[in-house]
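**Q** Can you look at this prediction? I've put the sequence above it.
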Amino acid sequence: MNTILFEKIHKLNYLATELDAAYHQAALKLGMSDSVMCVLYAIYDNGEGCLLSEIYKQSGISKQTVNSAVRKLEKDEMLYLERSKGKAKTVWLTSKGKSYTNNTIAHLCEAETNVLSSWSAEEIESYISLFEKYVSGFRLQLEGMSE
C-alpha cells in the first residue's frame, strides 16, 4: 500500500473520530445521550416533526437505538408519534420538546453555523463535495468486498 495514502487515511479516520468525540462532548454538555441528541437534531433539522424513517437515515445510528431514544423522549413528554401514510410514523415535538430543543439543539446548530460562517463559500462547497466523493467512493469499495 502507498505509505503516503495510508498516512492520509489514518489522518481522515483520526479526524472523523475527533469529530464524533466533539459531538459526544456536546451531548454531555447539553445533558443528554448521544442518541437522544441525534434524534432531537434530526427533528430540529426537519422542523417540528419528521418521519421516523428520516431520523434513521439522518442519524446514522441503528433503528433499535433510535427507537430507544424516541421511547425515552416520549416518556419525558418531549415528543409523540403519529401514524402517517401506511406504516410510516411521524415524530412530533410537544411544546415541552420544542422549548427543550430550542434551549439545546438550537445552540449546537448555532455553533456549527459559527464555524462554517468563518469559511468562504468555495471552502464550504469544496469540503462538502470532497466529503461526498469520499463517502460515495468508499461505499462502492465496500460493495465489492466479500463477506
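**A** That came through, no problem.
**Q** So which residue is smack in the middle of this structure?
**A** By CA atoms, centre = their mean, the mean C-alpha position of the chain lies nearest to residue 59, the distance being 4.0 Å.
**Q** any idea how far it lies from residue 46?
**A** Using CB to CB, to the nearest Å, one gets 12 Å for the distance from residue 59 to residue 46. Yep, even glycine has a C-beta here, placed from its N, CA and C like the rest.
**Q** What of residue 78?
**A** The value you get for residue 78 to residue 46, if CB to CB is used, is 15 Å.
**Q** Have a look at the two and say which one is more surrounded.
**A** More crowded of residue 78 and residue 46, by other CB atoms under 10 Å: residue 78, with 22 against 15.
**Q** What segments of the protein are strands?
**A** Under the criterion DSSP state E, the chain contains strands at 49-51, 79-83, 89-93.
**Q** which stretch among those strands comes nearest residue 7?
**A** strand 49-51 (39.9 Å; CB to CB).
**Q** Please compute how far the closest one lies from its chain's middle.
**A** 14 Å (CA atoms, centre = their mean, to the nearest Å).
**Q** same check, this time on stretch 25-32
**A** That offset, for stretch 25-32, works out to 14 Å (CA atoms, centre = their mean).
**Q** hey, what's the nearest residue to residue 82 once chain neighbours are set aside bridged with?
**A** What sits nearest to residue 82 in space, not counting adjacent residues and going by CB to CB, 6 or more residues apart in numbering, is residue 90, at 5.0 Å. As for beta bridges, residue 90 partners with residue 51, residue 82 under DSSP bridges.
**Q** on contacts alone, who are the packing partners of the lowest-mean-pLDDT helix or strand in the chain?
**A** One helix or strand of the chain scores below all others by mean pLDDT, DSSP states H and E: strand 49-51, with a mean of 91. In terms of contacts (3 or more CB pairs under 8 Å, 6 or more residues apart in numbering; DSSP states H and E), strand 49-51 is packed against helix 34-46, strand 89-93.
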